[in-house]
Structures are given as structure tokens and as C-alpha cells.
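**Student:** got a predicted model here, sequence first, then my questions.
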Amino acid sequence: KAYIMIDDKIKTNVGQAIASKLTNPMAEPYKGEDFEKVAIHYYKALNYIGLDQPEEALVEAKRINIKLTQLNDKYSSNKNKYSKDAFAEIVQGILYEKVGDINNAFIAYRNAVDIYQSDSGQYLNVSIPLQLKKDVLRTAKELGFKYEYSTYKTKFEMEDFQIPTKPESEAIVFWENGLGPVKDQVKITASATDGAFLGTYDDDNGNIVIPIPAGVNLGINAIAIPKYVKRAPYYQNASLVVDGQNEIPFELSEDYYSIAKQCLRDRMMREVIDICVRFGAKKTVSKGLSLLANHFLGSTAETVTKWGADAAGAITEKADTRNWQSLPATISYIRVPLHEGENDFTIKKYSNGIASTDTIHLSYKNGIQIINYFDINEAVHFVSNRKYSESVPKKIATESKKASKKNTMLLTSN
């Protein structure tokens, strides 16, 4: 019901809308960032996979890019760069293969490649996985698409690649590593007289400018802007040891920090006017209170009241730092053949060159088995020590600590 609530149930009433303009966006119900809204469909797909309902899982995987398109169509300017999800296309391709639809599997894999290549071979900090290249070539060959097979072989610089014999049984393992980013805030404060002021902050991908028009007496002001902070996973990479000897690396397919940062930046560019409206509303209230004080108590009281109202506005100013904090930092995947009987795989996870291991047990079964292995043990937690400047904020200071509790879980398709 989560995505239904986001679309239909989470409404902002008039009182909440006014409060958000006079105080901060936290006065309104949280509706989620765009990438959070579509992540729901990925986890619904995983649930259907666990229930051995691949057709239903496929519907949810397809909804990811459908929803992204619908969301982006609502914006007249500063549209989201995250308008399509390459990993969603990979999941679709896998599920199409699972139900025996090789033609649509090839189309999904090809779509994923196109998304990566639309941005010089890297989309939101993720390069084209080698496994995806192999799957495009393999399905093209299986369908007899000679032109596509030859074209992609050249494009991928894989002229020597040979299609292996298709196994009767395979396992595809998704590895969710660590915890995704959290929202903090950058608070821009200033004290000035009449004149123009440009509040800016650096989000590591360029500046966002907050214009304060000339003729506005700033007094004491504060503008709070949300910013994502990365929680670095304890493990940097992992691999799967097959038959006790062949070590195959997991390949990165989704980076939620890069997605979150880009989505927030795009939204901030669209909502810069709302930020100015909130600032202007507080200045209007401040001016009104100061005039009342002057009328009843004199000019000295006017000044004191105005500064007091400005200070109160600065205190109530707060960015919306709510977010989905249990999303993984990254998702990687791997594809391995299964042999008859019991299959034992060792997952080797590396942290600063030191490996820790876990084991996956799978029984032979015709077709594709999909496994979701998520690992948030010893994730790096974020602690914020906010530093405020008078115009441009200093870099947020952070501390890290390592959680000791192990937390790994496994979800397999039946």
C-alpha cells in the first residue's frame, strides 16, 4: 500500500501549507523523494520473487521506469536527470528470462545498455556491468540477431568473447551493501542592511544560488537547505567463490548516494522559489510585528521586536531532513551456473583488503533462481556536527563509528 499512499493518501491541508511557508517544510507530511517512490516497486518485485511469482515481480520492475517518466512529465523545467533506471531494466531482463521470454529479455538488456551509454558509458556513477554486456550478446545470439550481435561485440570491444553453453540451472545474486545516505542540512545565515544578497552552497556538483532581492532589510535571517551525506559501507567490494576456486566479483549496478544527490539537486533547482517565498513570508511577519510595536510602544520597541521576530524566524528555519534511511548504499549482482545436487557458494566481502566470508546453500533446479543477499553489518553511521557561516556554509563536520552488530539476510526465489 506504500505507493498508493504516496500517490493518493498523503495530502497537505491548508493549515499545513501555511505553516510550512511560515516555519519550515517539516510542517507538511513527508511525501518522499522521487527515487524513494520508485524504490518501493523494486522491493515489491523482490517480495514477489520470494513468493515465486515472477510475472507479478515483472510488473513491479516495469513500474519503476514508468513511474520515473510520470514524475518527470510533471516538471516544466529542471527535469530529473534520474529519469530512467538502468538496474530496473536489468531486473526486467532477468525476470523475462525466468519466464522464458528471451525476446523481451534482450530488449530490456538493450535498454539498460542505452541508459548507460546516454551518459558516456556511466550513469549516475555506475559503469556498464560486464555481465550486462554478456547478457546482451548471449540473448542476441540466441535470437539469431546477427547484426545486433556483431554491433554490440564491436561496441563493447569484446571481439574474442565466446558465448558459453547455456546452463540448465543458474543463480543470480543481488548484493545490497551498507546503508544509503542520510539527509542533513546546510544553514545559511547572514546579517545585513538593504541590498542584494546571494546565498549559495556547494553540493559537490555545482552551486545552488538563493537570490534575496534588493530592497529587503535582511536583519537576522536563515535559509536551511537539505543535503545528502554519504554513509560509507564497511565493505568496499565482494566476490562469490564457485566450486571452491573460481572467484567472481560482484558488479555494481545501483548507487543510491549518487541517485539521491542528483534527485535532491534537481528538486532544489525547481523549488528555489519556494525557499524564497518561505524567507519572504517570515520577513513579512517580522515587518508586521515591528510596525505594531512602533504604533503601541515606540520606535525602540519596533527595532527590538523586528530583530526578535527575525531571530525567531531563524530558529524555526529548518530543512526537510526526512528520508528513507534503510535503503542500501549500493546494489551489485552476479550470475553463476549451478550443477546438479547441492551447491555451496562462499561470499567473500572485503573491507580495506581484509576478507570476511559467508556461505550460500542452493539446490539444483531448472531455470533461474534469484537470491537477494543484503548486508548492513558494521555499516558506517553518520553523526552530524553542523557548522554555520554568515553566507556560505563550511563543510559539514562528521564523525563515524562502526556498528558491531552483524546483520545479513538472504531471500531466495522458490
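**Tutor:** That came through fine.
**Student:** tell me which residues of stretch 259-274 are tucked away?
**Tutor:** 259-268, 272 (16 or more other C-beta atoms under 10 Å). Backbone N, C-alpha and C define where each C-beta goes, glycine included.
**Student:** ok, the residues you listed vs residue 89, which is closest?
**Tutor:** residue 259 (14.8 Å; C-beta to C-beta).
**Student:** least confident pick among the buried residues of stretch 259-274?
**Tutor:** On pLDDT alone, residue 272 ranks lowest of the buried residues of stretch 259-274, at 65.
**Student:** residue 324 in helix, strand or coil?
**Tutor:** Using DSSP: H, G, I helix; E, B strand; the rest coil, the structure places residue 324 in coil.
**Student:** CA atoms only: put stretch 98-116 into PDB for me.
**Tutor:** This file holds the C-alpha atoms of stretch 98-116, laid out as PDB (Å, rounded to 0.1, in the frame of the first residue of the first chain):
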ATOM      1  CA  LYS A  98      13.000 -16.600 -15.900                       C
ATOM      2  CA  VAL A  99       9.600 -16.800 -17.600                       C
ATOM      3  CA  GLY A 100      11.100 -17.900 -20.900                       C
ATOM      4  CA  ASP A 101      10.600 -14.600 -22.900                       C
ATOM      5  CA  ILE A 102      14.000 -14.200 -24.400                       C
ATOM      6  CA  ASN A 103      13.000 -11.600 -26.900                       C
ATOM      7  CA  ASN A 104      11.800  -9.100 -24.300                       C
ATOM      8  CA  ALA A 105      14.800 -10.000 -22.100                       C
ATOM      9  CA  PHE A 106      17.100  -8.900 -25.000                       C
ATOM     10  CA  ILE A 107      15.000  -5.700 -25.300                       C
ATOM     11  CA  ALA A 108      15.300  -5.000 -21.600                       C
ATOM     12  CA  TYR A 109      19.100  -5.600 -21.500                       C
ATOM     13  CA  ARG A 110      19.500  -3.400 -24.600                       C
ATOM     14  CA  ASN A 111      17.500  -0.600 -22.900                       C
ATOM     15  CA  ALA A 112      19.800  -0.900 -19.900                       C
ATOM     16  CA  VAL A 113      22.800  -0.500 -22.200                       C
ATOM     17  CA  ASP A 114      21.300   2.500 -23.900                       C
ATOM     18  CA  ILE A 115      20.700   4.200 -20.500                       C
ATOM     19  CA  TYR A 116      24.400   3.700 -19.600                       C
END
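**Student:** mind checking which of the buried residues of stretch 259-274 are in strands?
**Tutor:** Members of the buried residues of stretch 259-274 lying in strands (criterion: DSSP state E): none.
**Student:** now the residues you listed in a markdown table, with distance to residue 184?
**Tutor:** As requested, those are arranged in a markdown table below (distance: C-beta to C-beta, whole Å):
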| residue | distance to residue 184 |
| --- | --- |
| 259 | 17 |
| 260 | 12 |
| 261 | 12 |
| 262 | 17 |
| 263 | 16 |
| 264 | 11 |
| 265 | 15 |
| 266 | 19 |
| 267 | 16 |
| 268 | 14 |
| 272 | 19 |
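**Student:** what's the closest of those to residue 181?
**Tutor:** Nearest member of the buried residues of stretch 259-274 to residue 181, counting by C-beta to C-beta, is residue 260, at 5.1 Å.
**Student:** map the structural domains onto the sequence of this structure.
**Tutor:** 32-166, 169-414 (automatic domain parsing).
**Student:** the ones you listed: lowest mean pLDDT?
**Tutor:** domain 169-414 (a mean of 69).
**Student:** in the stretch 1-150 of the chain, which spans are strands?
**Tutor:** Along the stretch 1-150 of the chain, the segments classed as strands by DSSP state E, counting those that start in this stretch run 122-123, 126-127.
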